[in-house]
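> Provided below are the primary sequence and the corresponding predicted coordinates.
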Amino acid sequence: MLDKSCGTRRRAILLVVLVLLTGIARGADGQPPDPAASTPAVQLFTGARVIVGDGRVIDDAAFLVRGNLIVRVGSAGEVTAPPRAGVVDLTGRTVMPALVNTHAHLGWERYTTWGSENFTRDNLVDHLHRHAYYGVSTIISTGSDLEEIALEVRQAQRVGEVGGARYLVSPGLGTPGGGPNPRFTNDAGWWGLHGVTTPAEAREVVRAEAARGIRILKIWVDARDERRGARVKLHPDIYAAALDEAQVQDIRVITHATTLEDHKRLLAAGTRRFIHMPYDTAVDDEYLALVAARNAFIVPTLGMVTRGEPFRRPVYEDPFFQEQVPEAVVAMLRDAGGGDSGAAGPRTAAAEARARVIRDNFMRLRDRVILGTDAGAVGDFFGYADHLELELFVRLGMTPAEAIVAATTRAARAFGLTETGAIEAGRSADFLVLDANPLDDILHTRQIAAVYLRGVEVDRDALRARWTD
C-alpha cells in the first residue's frame, strides 16, 4: 500500500512538472516564448558613451546588468564581466536612460479612429508597447482611463503577463461635468473623472483610490466645457481637502491648471506637480518663489501649445513617425492636411504675444520642467510625441543635456520613481542605445539602435512589422 501511494505521488509530481515545463516552453498565453527569454542572466555592456541622466557623462563606459537591474556602472576598465556573463560591445554608440512620460491619455486612440469604444485591454497594451518601441520606460496615464480595465492591465504587468512601458494609472478628480477638453467630452462614453462637490466627497474619493492601490491622482481644476454641466472651477476648499488627504494616503497628486492665478492658489494649497504651465500671462517673482518653496515640477506640454508654429512640420512627413504605422494612417493624416497637428499659417499679433509668453515662461521654469506629452488626447502619437517634446524643449531654449535630465531623472524624481530614470546601480535596466550623440543634437534621440526595458531588449523589429502590416 505504501509503495503504491509513493508511486502515485511520483506520477502526480511528474505530471505537474511536465505541465509546468509545457507552460514555460509555450509562454503564459499559450504562444511560443519571446526570444528575449534567452537573454543572459548577467550582461556587461561596454564601450559606449553613457549619459547617466543627471547631467553626468561617462566616456568609454561599462555597466553590468543582472536580471532586470543595473548593478555597477563605471569606466570600461573598472567594470568587468563575471564568468558566463554575456558581453555586448557598444563601441561608438551612446547610451541614455529610457524616457519617463508623466502625462498621456492611453486607450482612446486607435490611429484611424478615436473614442471610448477603443478602450480595450488589447489597445491599452498596444499603447504600452508603442511607448516601449520609442524608448519610454514609464508612462503615467492621467485622468481618462477606464479603471476596471486599467487596474487589470496594471496587475497583469506586475506579474509579468504584459510587457511594454511601465504603466502607472492616475485617476482624475474634479467638478462634475468638468475635466477634459471637448474632444473627450463629445464622446458619449466619457469616463475617468470622479466628480465631487464638497471637501468630504474629495477625501472619500482619495481614500477609495488609495484602497485600490493608486499612488498617483490627477486633479482637474478647469471648467472648460459647459456642455456636460461644468459651470465653475473646482473650489479651492475641495482641492485643498484632496491634497491633504492624498498626503495622508501617500498619493502623489498632479494638477491640471493653465493660469497663473490657479497655479499660485494651488501651490499655496500644497500642489507640487502641474500638468501645463501658466499660458495666460508672464510668470512673476512671487510665483517663482512659490515654485521653489514647494519644490514643484511642471509639465509644459509644448506639443499641445506650439501647434501652427513655423517649425512644426506635419508628422506624416517624418520617417521616424512613418516607420511604426501602416500607410493608411499616413494617408489619412496627409489627406487631412495635418497630423502635427496643424500646419503653420499667418501669425496674428495675439499669437505672437502668446508664443513669447510661452517661451519666456518655459525658460524661467526650465529647472522645474519634466516630460509629459498629452498624447492620446490632442492628436499626438504615443512614443513619437516624447521625442517631439524633447525637440521642442531645445527649440525653446534648453540645451540637449537639460532636456534629457528633464525627461529622465527629474521626471522620475517628481513622482518618487526611484527604480528608473538613470543609468546607475540599483536602477532598473531601462535604457536606449543610440547611433549618435544626443548631446550634440537632440534629434539624435531618434537614432535608436536598441531599447532595453527591465534588462530585456525590446523586439522593435517584430513590433514594427505588426504595426505596418
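That came through, no problem.
> my guess is Y239 contacts L266, does it?
Yes: between Y239 and L266 there is a contact at 6.9 Å, judged by Cβ atoms under 8 Å. In this view, the C-beta of every residue, glycine as well, is placed from N, C-alpha and C.
> tell me, what's touching those two both at once?
Both Y239 and L266 are in contact with V221, T255, where contact means Cβ atoms under 8 Å, 6 or more residues apart in numbering.
> If you count contacts, what does the helix or strand harbouring L168 end up packed against?
Assigned by DSSP states H and E, L168 belongs to strand 166-170. In terms of contact count using 3 or more Cβ pairs under 8 Å, 6 or more residues apart in numbering; DSSP states H and E, strand 166-170 is assigned the packing partners strand 136-142, helix 147-158, strand 216-220.
> quick one, which of the ones you listed is packed in tightest?
strand 136-142 (a mean of 28; mean count of other Cβ atoms under 10 Å).
> contacting residues around the strand holding L168?
Here strand 166-170 has contacts from 106, 128, 137-143, 145, 147, 150-151, 153-154, 157, 214-218, 254, 415, 420, 453, using Cβ under 8 Å, 6+ apart.
> Each with direction, which strands does the following helix or strand past that strand pair with?
On the C-terminal side of strand 166-170, the closest following helix or strand by DSSP H and E is strand 172-174. Neighbouring strands of strand 172-174 in its sheet, by DSSP bridges, are strand 193-195 (parallel), strand 216-220 (parallel).
> any idea how far strand 172-174 is from the chain center?
Put simply, strand 172-174 sits 20 Å off its chain's centre (Cα atoms, centre = their mean, to the nearest Å).
> In JSON lines: the helices and strands packed on strand 166-170, plus distance to I275 and mean pLDDT.
Listed next are those as JSON lines, based on distance: least, Cβ to Cβ, whole Å; pLDDT from 0 to 100:
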{"stretch": "strand 136-142", "distance to I275": "7", "mean pLDDT": "97"}
{"stretch": "helix 147-158", "distance to I275": "18", "mean pLDDT": "97"}
{"stretch": "strand 216-220", "distance to I275": "7", "mean pLDDT": "97"}
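> Of the ones you listed, which is nearest L124?
L124 lies closest, by Cβ to Cβ, to one member of the helices and strands packed on strand 166-170: helix 147-158, at 5.4 Å.
> Against which helices or strands is that closest one packed?
helix 121-133, strand 166-170.
> Quick check: which of the ones you listed has the most neighbours on average?
Comparing these by mean count of other Cβ under 10 Å gives strand 166-170 as most buried, with a mean of 24.
> Touching stretch 142-149 from outside, list them.
102-108, 116, 119-121, 124, 169-172, 179-180, 184, 191-193, 212, 216, 218, 220, 254, 256, 275, 376-377.
> cool, stretch 205-217 as well?
So stretch 205-217 is contacted by 140, 142, 147, 151, 168-173, 194, 196, 242, 245-246, 249-254, 415 (Cβ under 8 Å, 6+ apart).
> what about it, distance to the chain center?
20 Å.
> Can you give me the buried ones in that stretch?
V205, V206, E209, A210, I214, R215, I216, L217 (16 or more other Cβ atoms under 10 Å).
> three-state assignment of the second one?
Assigned with DSSP: H, G, I helix; E, B strand; the rest coil, V206 falls in the helix class.
> how many neighbours does the closest residue to T258 other than its chain neighbours have?
Nearest residue to T258, sequence neighbours excluded (Cβ to Cβ, 6 or more residues apart in numbering): H276, at 4.6 Å. A total of 22 residues lie near H276 under the criterion other Cβ atoms under 10 Å.
> do you know how far H276 is from T301?
6 Å (Cβ to Cβ, to the nearest Å).
> V221 too?
15 Å.
> likewise V65?
For V65, the distance to T301 - Cβ to Cβ - is 33 Å.
> Any quick ChimeraX command for the buried ones out of the contacts of stretch 142-149?
Here is the ChimeraX command that selects the buried residues among the contacts of stretch 142-149 (16+ other Cβ under 10 Å):
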select :102,103,104,105,106,107,108,116,119,124,169,170,171,172,179,180,184,191,192,193,216,218,220,254,256,275,376,377
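> D54: which of the strands paired with strand 172-174 is closest?
strand 216-220 (22.5 Å).
> would you put the C-alpha positions of the closest one in PDB?
This file holds the C-alpha atoms of strand 216-220, laid out as PDB (Å, rounded to 0.1, in the frame of the first residue of the first chain):
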ATOM      1  CA  ILE A 216      -0.900  58.900  -8.400                       C
ATOM      2  CA  LEU A 217      -4.100  61.100  -8.700                       C
ATOM      3  CA  LYS A 218      -4.900  63.800 -11.100                       C
ATOM      4  CA  ILE A 219      -7.000  66.900 -10.100                       C
ATOM      5  CA  TRP A 220      -8.800  68.800 -12.900                       C
END
